[in-house]
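# need coordinates for the following:
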Amino acid sequence: MLKKLLHVGITGNDFDRMLERFKGFGLECSQVMKNEELGASLAFIHVGETMLELICHVHPPKGDYPVVNVVTGQKGAINHLCFEVDNLEESIGDFERNGAKLVDGCPRQGAHGRVAFFYPDTTEEVLIELCEVAPDQRA
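Sure thing, here's the model as predicted:
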């Protein structure tokens, strides 16, 4: 069962400019990190109980993992929607029973807990991520 919209992934070409622009809108960045596997810099900005995940690909991804290819191949400014769930396996089952196809290599460890992505062609062309937030990552 979906609990809430955890974050919206937004891609851009200039990480520092994106970060400064959103700070200029009065939003505070809670976390900046590099994801070497994706070849990306990431920043998380809280907006109420939801976050914006700013994503900027700074070098080619490392390795040939299906989830990396799906995330980096998603076009447009809004990259994905991430929903928080209580039980990742149960939620994956709910999605699969309704025709969604899990990306190979998922579930896996993400920035805030265990995550699973679904191929966009099985979720109405929207890249959807589910996240079971780790206890030490709860606000």
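# from now on I want contacts and neighbour counts done on CA atoms only, so please keep to that.
OK.
# gap between the residue lying closest to Met1 once chain neighbours are set aside and Gly24?
Of all residues not flanking Met1 in the chain, Ser91 sits nearest, at 5.7 Å (C-alpha to C-alpha, 6 or more residues apart in numbering). Look at Ser91 and Gly24: by C-alpha to C-alpha, to the nearest Å, they are 37 Å apart.
# next one: Phe95
Taken as C-alpha to C-alpha, the span from Phe95 to Gly24 is 38 Å.
# more neighbours, these two?
More crowded of Phe95 and Gly24, by other C-alpha atoms under 10 Å: Phe95, with 17 against 10.
# now Arg21: phi and psi?
When read as degrees, to the nearest 10, the backbone of Arg21 gives phi -60, psi -50.
# in the helix or strand of the chain with the lowest mean pLDDT, what's buried?
The weakest-scoring helix or strand in the chain, judged by mean pLDDT, DSSP states H and E, is helix 66-73 (a mean of 78). Using 16 or more other C-alpha atoms under 10 Å as the test for burial, helix 66-73 gives 67-68, 70-72.
# tell me which stretches of this structure form strands.
Applying DSSP state E to the chain gives strands spanning 2-11, 29-35, 40-47, 50-57, 78-85, 108-109, 113-118, 128-133.
# quick one: closest of the ones you listed to Lys101.
Lys101 lies closest to strand 113-118 among those, at 5.5 Å (C-alpha to C-alpha).
# outside of the closest one itself, list whatever touches it.
For strand 113-118, the surrounding residues in contact (C-alpha atoms under 8 Å, 6 or more residues apart in numbering) are 67, 88, 92, 100-103, 106-109, 127-134, 137.
# measure how that strand sits relative to strand 128-133, angle-wise.
160 degrees (axes from the mean of the first three to the mean of the last three C-alpha atoms, to 10 degrees).
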